[in-house]
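Asks: What follows is a predicted structure for the sequence shown.
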Amino acid sequence: MSGAEQATAPGSAATTILPEGRLAAEVEAATGEPVNRCFGCKKCTGGCPVSMHMDLVPHRVIRLIQLGQRETVLNSSTVWICASCRACEARCPNDINIAHVMDYLKGRILAAGGRVAESKVYDFHRSFLNTVGLYGRAHEITMIGMYKMRSRTYFDDLAMGGRMLARGRLPILPEIIRGRGQIRRIFRRAAELARSGRAGGEGTGDRR
Amino acid sequence: MKLSFFPGCSFCGTAKEYGESTLAVMSVLGHEFREIPDWNCCGASSAHALDSNLQYLLPLRNLVLAEAMDLDASTSSCSACYNACKLAEQHILAGGPHAEALNREIESILGRRFEGRQRFLHPLQVLSRPEELKKIRSRVVRPLEGLKVVTYYGCYLSRPPEVVAFESPEQPTSMDEVCAATGAEVRRWSWKVECCGASLTMPRAEIVEGLVDRLLSEALHAGADALVTPCPMCLANLDSRQGARLARKEPPVPVFYFTELMAMAFGLPRVNRWLRKRLVTPAPLLQRLGLSGSIVQTGRAAAGGGRQRRWPS
Ligand code: SF4
Ligand code: SF4
């Protein structure tokens, strides 16, 4: 792709952007994903099931990373709306694991204390993991309670919750595992590893 | 086969019927499942989103516990659990400094590291083998004739292909073959591995409703009366997010686990109890096809439906 590009950030007029390589270098180093290989074929966006709900469609995120548009990328709803279906990753001709890049960007936003464009999505993940940290297993009622307190969505889906409860699909009591001390250590060590700069990405577990 | 079984959290609640039906049909076919002792949540769709180390360490604990059981293989019928465990397994087996650091962590916590002596499988991987399909056909006492379905695999069994897929990631057929062996008619469609929106169902229900509506319409368009899935998250979304159809006053579309189709065809009596947990009841469809047997339509929870049941061990 040629250097300068007309890019329209959400809510702003068209501006001419000159490429700046630091963000791309940072993403490549941290994730091992070759974002600079992207040639804009848009297969990722074409197969993305939720692209119509994103403010930046997936290939734009990769392109804006190439151009060094840090603010625009980190403020976008896209990284949170991504459902991690991995269709983009499976189909990218340049082997870019876009879902992995999205996860990395979420981590960058949180580490920098930045604005979370879709806070309810973050609230959901946080409530889910806090429940697992507590019991060692997920428990819907605990998780939903935490989520509703965080997101202040007290009245969403109440009728459906009632119907699920009536059909025995929401157990009242959580299952608590014996090894929850081990789970707590896993949570603690995972966070410490992340702080020391060790995050997933090497090996083939998360990429081809 | 003797398999260590990782039920997964949804089998304690939202998808208890999937766990029970998996154990029931696998035992009919002569496979022995032993629950992994004190297993933990695999992190599902949230761990990777917020913590790339947690994403591997949570399933790794289960893999180590499973390996200590020393059986033929490990398995989970929940496709999200299968996906998380397979990703962790392959990440460690690929080696490298990050994998080694994670394995050292788990060793310091559990006193044992993951050696990679056995592989993590999905039950469909076993059931779609020719000899197993033959066994399934020989066990059918009530062929599901007239039941037209499409198979909906979702994301977790297919992607990332080089790590988790055990067949074509764009056109998988394992579940088609299993369903066909029960006598059901499997219709062709192009939406087998599309995403249902997964955990967006809580924070952005309207997105999931749109995706589900499209899937249901396409299933009907393909001539199916119902969808069949191996994924608890897909089933929960498909079953509970049919609001768009409701608003258009169109009839809802029932969804099954593939193990329930097998159980119906095998004539297992507990099928009734499992199907009563659906928000969209399949009873009218099954009655119309003369497949209902004793399956009754209930507006309210059946006896015992709300109680906690322990796993048969
Ligand atoms: S599929 Fe890959 S190469 Fe094509 S636009 Fe997307 S990221 Fe770029
Ligand atoms: S992983 Fe995310 S960005 Fe990629 S296709 Fe799926 S939802 Fe879209």
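Replies: All right, it came through fine. Ligands and ions are numbered 1, 2, ... in the order given.
Asks: So is stretch B:203-223 next to chain A?
Replies: Yes. Judged by C-beta under 8 Å from any C-beta of the partner chain, stretch B:203-223 and chain A are in contact via B:203-205, B:207, B:211. For the C-beta atoms, the positions are set from N, CA and C on the backbone; glycine is no exception.
Asks: Could you report the neighbour count for the nearest residue to B:P251 once chain neighbours are set aside?
Replies: Leaving aside its sequence neighbours, B:P251 sits nearest to B:R245 (C-beta to C-beta, 6 or more residues apart in numbering or on different chains; 7.4 Å). The burial count assigned to B:R245 is 19, neighbours taken as other C-beta atoms under 10 Å in any protein chain shown.
Asks: Name the next helix or strand following the helix or strand where B:S74 lies along the chain.
Replies: Secondary structure from DSSP states H and E places B:S74 in strand B:73-75. For strand B:73-75, the following helix or strand on the C-terminal side (DSSP H and E) is helix B:79-93.
Asks: tell me which strands and helices that following helix is in contact with?
Replies: Identification of packing neighbours for helix B:79-93 by 3 or more C-beta pairs under 8 Å, 6 or more residues apart in numbering or on different chains; DSSP states H and E yields helix B:54-67, helix B:97-110, strand B:120-121, helix B:161-164, helix B:232-240.
Asks: Just want the angle from the second one to helix B:54-67.
Replies: Here helix B:97-110 points in a direction 60 degrees away from that of helix B:54-67 (axes from the mean of the first three to the mean of the last three C-alpha atoms, to 10 degrees).
Asks: B:E170 versus whichever residue of the stretch 101-250 of chain B sits closest to ligand 2, what's the distance?
Replies: Here the stretch 101-250 of chain B gets closest to ligand 2 at one residue, B:C195, 6.1 Å apart by C-beta to the nearest ligand atom. Distance, B:C195 to B:E170, by C-beta to C-beta, to the nearest Å: 13 Å.
Asks: okay, those two: which has more neighbours?
Replies: The neighbour count for B:C195 versus B:E170, taken as other C-beta under 10 Å, is higher for B:C195 (24 against 14).
Asks: re the thing from before, most neighbours, which of the residues of stretch B:203-223 next to chain A?
Replies: Neighbour max across these (other C-beta under 10 Å) = B:L211, 24 neighbours.
Asks: Could you verify my assumption that that residue touches A:P49?
Replies: Yes. Shown here, B:L211 and A:P49 form a contact pair, counting by C-beta atoms under 8 Å, at 5.8 Å.
Asks: list the residues that contact both of these two?
Replies: Taking C-beta atoms under 8 Å, 6 or more residues apart in numbering or on different chains as the criterion, B:L211 and A:P49 both touch B:194-195, B:197.
Asks: Now pLDDT too, for those residues, in TSV please.
Replies: Converted to TSV, the shared contacts of B:L211 and A:P49 look like this (pLDDT from 0 to 100):
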residue	pLDDT
B:E194	96
B:C195	96
B:G197	95
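Asks: Intersect those residues with the contacts of chain A.
Replies: Among the shared contacts of B:L211 and A:P49, the ones lying near chain A by C-beta under 8 Å from any C-beta are B:194-195, B:197.
Asks: Including secondary structure, could those go into JSON lines?
Replies: Shown next, in JSON lines, are those (DSSP: H, G, I helix; E, B strand; the rest coil):
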{"residue": "B:E194", "secondary structure": "coil"}
{"residue": "B:C195", "secondary structure": "coil"}
{"residue": "B:G197", "secondary structure": "coil"}
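Asks: Among those, which one lies nearest to A:L23?
Replies: The shortest approach to A:L23 among these belongs to B:C195, at 27.5 Å (C-beta to C-beta).
Asks: Show the contacting residues for the closest one.
Replies: A:49-50, A:83, A:85, A:87, B:154-155, B:211.
Asks: Top of those residues by number of neighbours, please.
Replies: Comparing these by number of neighbours (other C-beta under 10 Å), B:C155 comes first, having 28 neighbours.
Asks: Which of the three states applies to the residue nearest the centre of chain A?
Replies: By C-alpha atoms, centre = their mean, chain A has its centre lying nearest to A:D103, at 4.0 Å. Secondary structure, three-state DSSP: A:D103 is helix.
Asks: Next, the contact list for it, please.
Replies: Contacts of A:D103 by C-beta under 8 Å, 6+ apart are A:84, B:48-49, B:52.
Asks: The nearest residue to the residue of the stretch 101-250 of chain B closest to ligand 2 once chain neighbours are set aside and B:R159, how far apart?
Replies: What sits nearest to B:C195 in space, not counting adjacent residues and going by C-beta to C-beta, 6+ apart, is A:C85, at 3.5 Å. Distance of A:C85 to B:R159, given as C-beta to C-beta: 7 Å.
Asks: same check, this time on B:G13
Replies: Here the criterion is C-beta to C-beta. By it, B:G13 lies 26 Å from B:R159.
Asks: who's more crowded, these two?
Replies: Using other C-beta under 10 Å as the criterion, B:G13 and B:R159 rank with B:R159 on top: 25 against 22.
Asks: sorry, back to before: just send the helices and strands packed on helix B:79-93 back as a markdown table, with mean neighbour count too.
Replies: Listed next are these as a markdown table, based on neighbours: other C-beta atoms under 10 Å in any protein chain shown:
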| stretch | mean neighbour count |
| --- | --- |
| helix B:54-67 | 25 |
| helix B:97-110 | 18 |
| strand B:120-121 | 22 |
| helix B:161-164 | 18 |
| helix B:232-240 | 25 |
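Asks: Okay, domains of chain A per the record?
Replies: Chain A breaks down by automatic domain parsing into domains covering A:16-111, A:119-196.
Asks: Quick one: the helices in chain A, in order.
Replies: With helices called from DSSP state H, chain A shows them at A:22-31, A:43-47, A:58-66, A:70-74, A:78-81, A:87-91, A:98-111, A:119-135, A:140-151, A:158-166, A:180-195.
Asks: now the second one: how far from the chain's centre is it?
Replies: Using C-alpha atoms, centre = their mean, to the nearest Å, we find the averaged C-alpha position of helix A:43-47 to lie 18 Å away from the chain's own average C-alpha position.
Asks: Show the contacting residues for the nearest residue to B:P59 once chain neighbours are set aside.
Replies: With C-beta to C-beta, 6+ apart as the criterion, B:P59 has its nearest non-adjacent residue at 4.0 Å, and that residue is B:A88. Shown in contact with B:A88 (C-beta under 8 Å, 6+ apart): A:205, B:55-56, B:59-60, B:63.
Asks: out of the residues you listed, who's nearest ligand 1?
Replies: A:G205 (20.3 Å).
Asks: re earlier: same list, the contacts of B:A88, but as a markdown table with distance to ligand 1 and pLDDT please.
Replies: As requested, those are exported to a markdown table (distance: C-beta to the nearest ligand atom, whole Å; pLDDT from 0 to 100):
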| residue | distance to ligand 1 | pLDDT |
| --- | --- | --- |
| A:G205 | 20 | 37 |
| B:Q55 | 22 | 96 |
| B:Y56 | 24 | 97 |
| B:P59 | 27 | 98 |
| B:L60 | 30 | 98 |
| B:L63 | 31 | 97 |
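Asks: ok, the residue in chain A sticking out farthest from the centre to chain B distance?
Replies: Residue farthest from the centre of chain A, counting by C-alpha atoms, centre = their mean, is A:A166 at 33.3 Å. Distance of A:A166 to chain B, given as C-beta to the nearest C-beta, to the nearest Å: 5 Å.
Asks: what do you get for A:P58?
Replies: Here the criterion is C-beta to the nearest C-beta. By it, A:P58 lies 13 Å from chain B.
Asks: burial count for that residue?
Replies: Residues contacting A:P58 under the criterion other C-beta under 10 Å number 28.
Asks: Assign a three-state SS to B:F114, would you?
Replies: Assignment for B:F114 (three-state DSSP): coil.
Asks: Retrieve the pLDDT associated with it.
Replies: With respect to pLDDT, B:F114 scores 97.
Asks: rewinding a little: let me know the closest of the contacts of B:A88 to A:N75.
Replies: Nearest to A:N75, judged by C-beta to C-beta, of the contacts of B:A88 is B:Q55 at 24.7 Å.
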